[in-house]
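*Asks:* can't give you the sequence, but here's the structure:
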Ligand SMILES: Cc1cc2nc3c(=O)[nH]c(=O)nc-3n(C[C@H](O)[C@H](O)[C@H](O)COP(=O)(O)OP(=O)(O)OC[C@H]3O[C@@H](n4cnc5c(N)ncnc54)[C@H](O)[C@@H]3O)c2cc1C
Ligand code: SF4
C-alpha cells in the first residue's frame, strides 16, 4: 500500500478533501496530472489568458457531431479554481428538491440543505468567503455572518446597485473567495486588480484550492503530492468489488499505486472518462457503471455574457464583480411563465485588453472606449439532467462531449428580462453572447449520487455503489446543477465526505 487514501486531482473537490484529511494519522497521496501554475507576468495578460488560452489544456475534445474543440479547462495544482471567478454561493434549500422548470423537472438530491450547511460554513472559512447575509431574499439559512466582510462596490457599480434597488430589485454583494483586506489595504494580500475572473492570481491571493486547501494540507507530514502524473486507468480486483491499483503515465513512464481507499476528483468530464476507460471483465461498461449512468446527465448551465453600454457614462472600474441578483431565481415574475429563470452576477471587468484578446478584429481604441463605458454581466440558467447529454470515449480514447442545451426558453427569457432592466436603469445598448459547448467551466453531473443503484453511480457519501473503496468527489456527483456557481458546493461535499472517511478509516474499515 502506498497510502491509506489516494486522491486523483487537486481541484475544488480533491484539494478540499486533502485538507480535510490532513493532520490525521492517515497517509494521503495526491496524484495530479498538472503542475503548480507558474507565476509569471503573463498570468495577468488578457492575450495569454483569453486569446492564446495559455492556461487551458491544449487537448481537443469532440462535440456530438464529432467537431473538435478546445475545452475551457486547465490542469494545474488547484484545478479549475486557479482560473475561477471566485463567486462562492450556496445552493438554495429548494435546489435540493425536485423543482419544476419550463424545460422539465430537476432531480432531487439524496441529502438536504441541512446536511451540507455546516460544511458550507467551513468551506466559506477555508476559502476566505467575503459577503453580506440578509441582502439576497433567496439565500439559505447560515449559522452566522460570512467570515469576511463584503467586497465593496466601486463608485460606478455602487450607482448600478442603487439603481437596481430603486427599480425594486434586491441586488446583493456577491460572495467572493479572495483574500482581500479593505480595512488594511497596505497589508492586503489581494490588490483588487482587473485581472481576476478567468485569470490565475499572480500574487496568490485568490481563494483557490492551491492556496486554501493543497498548501495547508501539504504543511502536514501525512499528505504528499505527486504532480505531472496523468492517471489513465483504475484496476479492480477479480471480483470487481475493490480498486487494487491506480495506473498513470508520467515523465518517467508508467507508474502504479495502491491504497485502502481511492478517491477520483479529476473533474466531471475527466472522472467520467477515467471510469469509462477502466472497463474490465468485471465492469464491461466501465467502472461503477452497472447503472449505465457514468458519463450521462452532464450539466454545465446555460451561460451568457451580457455587456451593457452607456455611451455617456465613462467609468474606470477595476474590480467589477461585486453584485449578484436572484430576483428571477424562483420564478420569472410573469404569471404566464411561472418557472425559474436563473441567477445574474457581474463579470470580471471586460477591459479593452480583454475585449481585444477575445475579438482581435476590434480596433484597440474602440475596445478601450467600450471597456470604459460598459458594465458586464454573467447570466446562468439551470440546465436539466438528460441521459443523452454525456461523456463518451472514441475508439482511440478521445473525449466526446455530446451536449444539447435544454431549458432554453427560461434562459432566453432571463436575457430578455435583464436586457429590459438594464435599459431602464440607463444602459441603452446591450450585447450578449451565449457560451458554447467549449465553455465547460461549470461541468457537473456525470456520476450522480443517489440512494438507488439503478439510477445513480454513487451513494450519498459519494462512494461508488458497485465498489467498496472507490469515491468520486468532484462536480460529477451532482444530480442537479441549480443556477448558482458550483464550486462551494463541491468543496462542502468534499468536507462532508472527508468526515465520513475519517470516521470509517478510524474504525478500521477498508483494512487490507
Ligand atoms: C474560467 C472559469 C471561471 C470559473 N468561475 C467560477 C466561479 O466564479 N465560481 C464557481 O463556483 N465556479 C467557477 N468555476 C468552476 C469551478 O472552477 C469548478 O466548478 C471547480 O473547480 C470544479 O471542481 P472539481 O473538483 O470538480 O474539478 P477541478 O477543479 O477541475 O479539478 C480537477 C483536477 O483533476 C486533475 N485531473 C484531471 N484529470 C486527471 C487525470 N487523468 N489524472 C490526474 N489528475 C487529473 C486536474 O488537473 C485538476 O487539478 C469557473 C471555472 C472556470 C474555468
Ligand atoms: S483581484 Fe485579488 S485575488 Fe483576484 S487576481 Fe487580483 S489580486 Fe488576485
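*Replies:* Received the coordinates, thanks. Everything numeric in this text was worked out from a predicted model, so none of it was measured. Ligands and ions are numbered 1, 2, ... in the order given.
*Asks:* Let me know how buried the residue nearest to residue 251 when sequence neighbours are not counted is, in neighbour terms.
*Replies:* What sits nearest to residue 251 in space, not counting adjacent residues and going by CB to CB, 6 or more residues apart in numbering, is residue 228, at 5.6 Å. Heads up, the C-betas are built off the backbone N, CA and C, glycines and all. Residue 228 sits with 15 neighbouring residues when counted by other CB atoms under 10 Å.
*Asks:* need the residues of the chain near ligand 2, please.
*Replies:* Within the chain, the residues that sit near ligand 2 (CB under 6 Å from any ligand atom) are 178, 190-193, 195-196, 199, 201, 203, 205-206, 319.
*Asks:* Can you add secondary structure and neighbour count and give those residues back as TSV?
*Replies:* Below are those laid out as TSV (DSSP: H, G, I helix; E, B strand; the rest coil; neighbours: other CB atoms under 10 Å):
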residue	secondary structure	neighbour count
178	strand	24
190	coil	24
191	coil	13
192	coil	16
193	coil	16
195	coil	21
196	coil	25
199	coil	25
201	coil	26
203	coil	14
205	coil	20
206	strand	29
319	coil	24
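*Asks:* From the residues you listed, pick the one nearest residue 452.
*Replies:* Using CB to CB, residue 206 comes nearest to residue 452 of these, at 38.5 Å.
*Asks:* So the closest one versus residue 122, what's the distance?
*Replies:* Separation of residue 206 from residue 122 (CB to CB, to the nearest Å): 19 Å.
*Asks:* if we can go back for a sec, could I get the pLDDT score of the residue nearest to residue 251?
*Replies:* pLDDT, residue 228: 98.
*Asks:* What of residue 208?
*Replies:* Reported pLDDT for residue 208: 98.
*Asks:* Look through the stretch 1-150 of the chain and state the residue closest to ligand 1.
*Replies:* Closest residue of the stretch 1-150 of the chain to ligand 1, CB to the nearest ligand atom: residue 11 (2.0 Å).
*Asks:* contacting residues for that residue?
*Replies:* By CB atoms under 8 Å, 6 or more residues apart in numbering, the contact set of residue 11 is 78, 79, 80, 81, 209, 265, 267, 474.
*Asks:* And for the nearest residue to residue 330 once chain neighbours are set aside, the neighbour number?
*Replies:* Among residues not flanking residue 330 along the chain, residue 340 sits closest, at 5.7 Å (CB to CB, 6+ apart). As a burial measure, residue 340 scores 25 neighbours (other CB under 10 Å).
*Asks:* ok, residue 340 touching residue 411?
*Replies:* No: look at residue 340 against residue 411 with CB atoms under 8 Å: they stay out of range, at 10.5 Å.
*Asks:* Quick check: neighbours shared by the two?
*Replies:* Taking CB under 8 Å, 6+ apart as the criterion, residue 340 and residue 411 both touch residue 381.
*Asks:* Around the closest residue to residue 343 other than its chain neighbours, how many other residues sit close by?
*Replies:* Spatial nearest neighbour of residue 343, excluding adjacent residues (CB to CB, 6+ apart): residue 483 at 4.3 Å. Residues within reach of residue 483, counting by other CB under 10 Å, total 30.
*Asks:* Need the contact partners of the helix or strand hosting residue 413.
*Replies:* Assigned by DSSP states H and E, residue 413 belongs to helix 408-424. With contact meaning CB under 8 Å, 6+ apart, helix 408-424 is reached by 101-103, 164, 167, 169, 302, 304, 306, 308, 328, 332-333, 337, 339-342, 344, 377, 379, 381-382, 405, 430, 432, 434.
*Asks:* 6 Å instead, please
*Replies:* Identification of contacts with helix 408-424 by CB atoms under 6 Å, 6 or more residues apart in numbering yields 102, 302, 304, 308, 332, 339, 341-342, 344, 379, 381, 430, 432.
*Asks:* Kindly give the local confidence score, pLDDT, for the residue of the chain most remote from its centre.
*Replies:* Centroid-distance maximum for the chain: residue 312 at 36.4 Å, with CA atoms, centre = their mean. In this prediction, residue 312 carries a pLDDT score of 92.
*Asks:* List buried members of the contacts of helix 408-424 by neighbour count.
*Replies:* In the contacts of helix 408-424, burial by neighbour count holds for 102, 302, 304, 308, 332, 339, 341, 342, 344, 379, 381, 430, counting by 16 or more other CB atoms under 10 Å.
*Asks:* Please render those as JSON lines that adds pLDDT and secondary structure to the earlier fields.
*Replies:* Below are those laid out as JSON lines (pLDDT from 0 to 100; DSSP: H, G, I helix; E, B strand; the rest coil):
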{"residue": "102", "pLDDT": "97", "secondary structure": "coil"}
{"residue": "302", "pLDDT": "98", "secondary structure": "strand"}
{"residue": "304", "pLDDT": "98", "secondary structure": "strand"}
{"residue": "308", "pLDDT": "98", "secondary structure": "strand"}
{"residue": "332", "pLDDT": "91", "secondary structure": "coil"}
{"residue": "339", "pLDDT": "98", "secondary structure": "coil"}
{"residue": "341", "pLDDT": "98", "secondary structure": "coil"}
{"residue": "342", "pLDDT": "98", "secondary structure": "coil"}
{"residue": "344", "pLDDT": "98", "secondary structure": "strand"}
{"residue": "379", "pLDDT": "98", "secondary structure": "strand"}
{"residue": "381", "pLDDT": "98", "secondary structure": "strand"}
{"residue": "430", "pLDDT": "98", "secondary structure": "strand"}
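*Asks:* so can I have a markdown table of these showing distance to residue 395?
*Replies:* Shown next, in a markdown table, are those (distance: CB to CB, whole Å):
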| residue | distance to residue 395 |
| --- | --- |
| 102 | 38 |
| 302 | 32 |
| 304 | 35 |
| 308 | 47 |
| 332 | 45 |
| 339 | 41 |
| 341 | 41 |
| 342 | 38 |
| 344 | 43 |
| 379 | 38 |
| 381 | 35 |
| 430 | 45 |
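*Asks:* so what's the residue nearest to residue 251 up against?
*Replies:* 35, 250, 251.
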